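> Build me a structure from this.
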Amino acid sequence: MRPTLHLQNLGLRLLLPCLVAPLWAQAPPTAEASPAPAPLTAKADPEAFPRLPRLLVRDAIHVVTRPADWEASDWKQVGLGAVAVLGAGLALDTSLDRAFTRNAKPSWDNLAKNLEYLGGTGSLIIAGGVYLGGAALKDPALRAVGIDAGMAMVIAQLTLTMPLKILAGRSRPNAGEGSSHFKPLTGGESFPSGHTTQAFVLASVISGHADQPWVTGVSYGLATLVGVARMEQRAHFLSDVLGGAVIGTFVGREVVRFNQSLRSSAQGGVKVSFQPVLCAGYQGATVRVSF
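Numbers count the residues shown, from 1 in each chain. Have a look, this model is predicted:
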């Protein structure tokens, strides 16, 4: 068994409590506990297991058609932002790749391999574990995090990341063909970064549900490190990572917003919000129900 496997398992054990704790609706040990939201019935629940494929289709349609709702000003902002971000990335691709090559170290290589794990199998384990935990505890809020993460990962990869890889046909840095080598439809799979996409999907979903600055910072910080790790491994250029980050964030946020609206409708207009509470000796959350 390779040493890196132990580091990966350790990283997941440390990561899961850190990211999931703010989402856990555990009442603090007080005389008067916060009211818990009533679970959705099987009939009204749009996320019951047999209905998940239909929910996936609805989420995918929403994400794909979302730009049709944008106004001219929105398109202008998105266009300028994309040009600025990707343009800066393209300008720095070659120099940054050379810097990673010059400063390569075995210790950094091992760290990068463990970090990029969070953008692959690790993110799937986290999403699946949160969903199963919510199902076992009959906690619809926790289960919703796992559902949104899983749905957004599938949608981001199948509708945007994988098609763009084929269309761009960009060679990876380790192919030695340079940052400007594009061969559409028959080339490489460097743009955009799939690991970075998945990491930012998970970060945006967790951030959208927790709604806490420190959770947002930790989530997006780890996702950024995944992108850095992929560059250190010379699997992607900077612009590939930036493209994946944009895709993951967009899809994750849209899936959370759309599914939250479905949940509110299924509950007859009742809105439930969670406010994490972290104090010495316990972790919990306050629950606010509005009609």
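
> excluding its backbone neighbours, what's nearest Val154?
Leaving out its chain neighbours, the residue that sits closest to Val154 by C-beta to C-beta, 6 or more residues apart in numbering is Leu56, at 6.5 Å. Where C-beta positions appear, they are placed from N, C-alpha and C, glycine not excepted.

> Would you map the helices across this structure?
Taking DSSP state H as the criterion, the chain contains helices spanning 3-20, 52-65, 72-102, 106-116, 121-136, 140-155, 162-168, 194-210, 213-232, 238-266.

> Mind checking the pLDDT average for the first one?
Taken as a whole, helix 3-20 carries a mean pLDDT of 43.

> now the third one
When the per-residue pLDDT values of helix 72-102 are averaged, the result is 92.

> For it, which residues meet the burial criterion?
Within helix 72-102, the residues that count as buried by 16 or more other C-beta atoms under 10 Å are Leu86, Gly89, Leu92, Asp93, Leu96, Asp97, Phe100.

> So what angle separates the directions of that helix and helix 213-232?
Interaxial angle of helix 72-102 relative to helix 213-232 (axes from the mean of the first three to the mean of the last three C-alpha atoms, to 10 degrees): 50 degrees.

> still on that earlier bit, next, find the distance separating the residue nearest to Val154 from Pro67.
Going from Leu56 to Pro67 by C-beta to C-beta, to the nearest Å gives 20 Å.

> what about these two, which has more around it?
Leu56 (17 against 11; other C-beta atoms under 10 Å).

> Span of stretch 150-166 from start to end?
This stretch, stretch 150-166, spans 23 Å end to end (C-alpha to C-alpha, to the nearest Å).

> same question for that stretch, mean pLDDT?
Rounded mean pLDDT across stretch 150-166 is 96.

> So what touches that stretch?
Residues outside stretch 150-166 that contact it (C-beta atoms under 8 Å, 6 or more residues apart in numbering): 55-56, 59-60, 63-64, 123-124, 127-128, 131, 184-185, 189-192, 194, 197-198, 201-202, 204-205, 243-244, 247-248, 251-252, 254-256, 259.

> Identify, out of the helices of the chain, the most deeply packed stretch.
helix 194-210 (a mean of 28; mean count of other C-beta atoms under 10 Å).

> Okay, angle between that one and helix 238-266 too, please.
30 degrees.

> Go ahead and produce CSV holding the CA coordinates of helix 194-210.
Presented in CSV, the C-alpha positions along helix 194-210 are these (Å, rounded to 0.1, in the frame of the first residue of the first chain):
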residue,chain,number,x,y,z
GLY,A,194,-12.2,18.4,-14.6
HIS,A,195,-10.7,18.1,-11.1
THR,A,196,-11.0,21.8,-10.5
THR,A,197,-14.5,21.8,-11.8
GLN,A,198,-15.6,19.2,-9.4
ALA,A,199,-13.8,20.8,-6.5
PHE,A,200,-15.5,24.1,-7.1
VAL,A,201,-18.9,22.4,-7.5
LEU,A,202,-18.5,20.9,-4.0
ALA,A,203,-17.3,24.2,-2.6
SER,A,204,-20.1,26.3,-4.1
VAL,A,205,-22.8,23.8,-2.9
ILE,A,206,-21.4,23.6,0.7
SER,A,207,-21.1,27.4,0.7
GLY,A,208,-24.6,27.9,-0.6
HIS,A,209,-26.1,25.7,2.1
ALA,A,210,-24.0,26.8,5.1
